[in-house]
Each structure stands twice: as structure tokens, then as C-alpha cells.
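Undergrad: structure for this input, please:
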Amino acid sequence: MRVVSLVPSLTEAVAVTAPGLLAGVTDWCTHPPDLTAARIGGTKNPDVAAVVALRPDLVIANEEENRAPDLAALREAGLDVMVTEIRTLDAAFAELERVLVTGCGLARPRWLDEAEAAWAALPSPGTPRPAIVPVWRRPWMVLGRDTFAGDLLARLGVRNVYADHAERYPRIPLAELNAAGAELVVLPDEPYRFTADDGPEAFPALPAALVDGRHLTWYGPSLAAAASALRAALR
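TA: Predicted coordinates:
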């Protein structure tokens, strides 16, 4: 079977489970680091002709990371496109099984069982701690409603102050962020690369938790380690 993945998280999931299946991946697919599949452009601007030329049996995509016109063009070219929708941890586990077992015809991998067990074993988070979670600056953008990362943080005792915002990734002025009543700012290193020297200084009254963006936003093998790694970073 030949698979093209348009989603870095799903690329890692397939590569770790059955590396020989991947015929093409995006330029943003960085894990595992020894990927040898053809590069077919970005998640938002894949080279449709290059994907078609690879003659994949399946293209795997995501409704948030990939654009509907690109997916429509792939379908019009006769390709089978499986689109995932992942906005919670439970949905991630279900969609990963659908992609790997139903889509790729593989046995359910052990790492998926280990990831589910790791999150199920977390202790009760106690009283939620209100936080803001920037994902970009210039302009400042934060996690809003209905996001995978927000669901992970909620399971770790972090209440996203903007979880009820009308937008999923709202742009919020910095002064408003600092006045939002948060007790913590969570700063991932992707998509914007926040660091100890780039981000915390904008929130002088708040403690800053620098977290691995892959652990916070990727759904795949990294989920097995994400529960303990994020919990440690938030402490």
C-alpha cells in the first residue's frame, strides 16, 4: 500500500507503525527524523500534481490543517482521501485507530494503547488554574474554543480563559491578555517558537510554563510521553 500524509502528526503515526507505507509527506513532517518519503509541499499548499503522480492508495488529511480546495482537487483526480477531525483527546485516539486500522489496514499499534493508558492514569487535576495559551505573536493569537490542545490542558488542570471565545484562535491585544484574570501563561514552542527570552517578558505578572509544542498539539506516538511531560512542565 502507498500512503501520502498531509499532516505531520499522522505522518509520524504511520511511520512509527509501518514506515514502508509512506510514499509522500509534507515539508513540515519532521518526525521521525529519518523520513525518506517524497516531499510534496506544505500542509496549506501541497503540490496536488506531485501527490497524484505518486499514485497513492490513500491520502490522509485533517480538516483543520489542510484546505478543502486541495482535498477536493485530490478527490477529483481519483484519489481516496481520508479526512480526520480531531479537537479532543478522545477524538484523537478514535481517529488514529481509524487511519491506521481502517485506512491503512494495519493492526492497532502498541504505542496507541500506551498513549491511552498514560492519559487514563493521570491523577485528578483538582481545582483548574486559569491560563492564557498564546500560539502566535505579532499579532498575539491564543487558543480559543474547541481545540485539541485546550482539551489536553483541561485534563492537566489548566482552564483556558478563552475556551468560550467565539473563535478557535482569536487575536487578542496584549493588554487584554494581561487583564484576562489568568494565573498562568502557557507558551509552546510551535507554531510560534516561544522561548525563555521570547514570550514570558510580555506577561510580567504571570508565571510562564514553556512547553513542548509537539507534546501539546501533535496527535500520534508523542501522546504516550505527552501526559507526563506536560504535567511536569506545568508544575
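Undergrad: tell me the buried residues in stretch 12-29?
TA: By 16 or more other Cβ atoms under 10 Å, the buried positions in stretch 12-29 come out as 12-18, 21-26, 28-29. Backbone N, C-alpha and C define where each C-beta goes, glycine included.
Undergrad: then stretch 32-43?
TA: 35, 37, 40-41, 43.
Undergrad: quick one: which of the buried residues of stretch 12-29 is nearest to Pro139?
TA: Trp28 (22.0 Å; Cβ to Cβ).
Undergrad: and the gap between that closest one and Glu12?
TA: According to Cβ to Cβ, to the nearest Å, Trp28 and Glu12 sit 11 Å apart.
Undergrad: ditto for Pro128
TA: Distance from Pro128 to Glu12, counting by Cβ to Cβ: 30 Å.
Undergrad: just to revisit the earlier point, could you identify the most distant pair in the buried residues of stretch 12-29?
TA: Based on Cβ to Cβ, the longest span within the buried residues of stretch 12-29 runs between Ala18 and Trp28 and measures 20.9 Å.
Undergrad: now do the contacts for the residue sitting furthest away from the middle of the chain.
TA: Relative to the mean C-alpha coordinate of the chain, counting by Cα atoms, centre = their mean, the farthest residue is Ala205 (28.7 Å). Contacts for Ala205 (Cβ atoms under 8 Å, 6 or more residues apart in numbering) come out as Asn178.
Undergrad: so it: helix, strand or coil?
TA: Put simply, Ala205 is coil when judged by DSSP: H, G, I helix; E, B strand; the rest coil.
Undergrad: for it, phi and psi?
TA: Note on Ala205: its backbone torsions stand at phi -90, psi 0 [degrees, to the nearest 10].
Undergrad: got a pLDDT number for it?
TA: Predicted confidence (pLDDT) at Ala205: the value is 97.
Undergrad: mind checking which helix or strand Leu230 is in?
TA: Assigned by DSSP states H and E, Leu230 belongs to helix 223-234.
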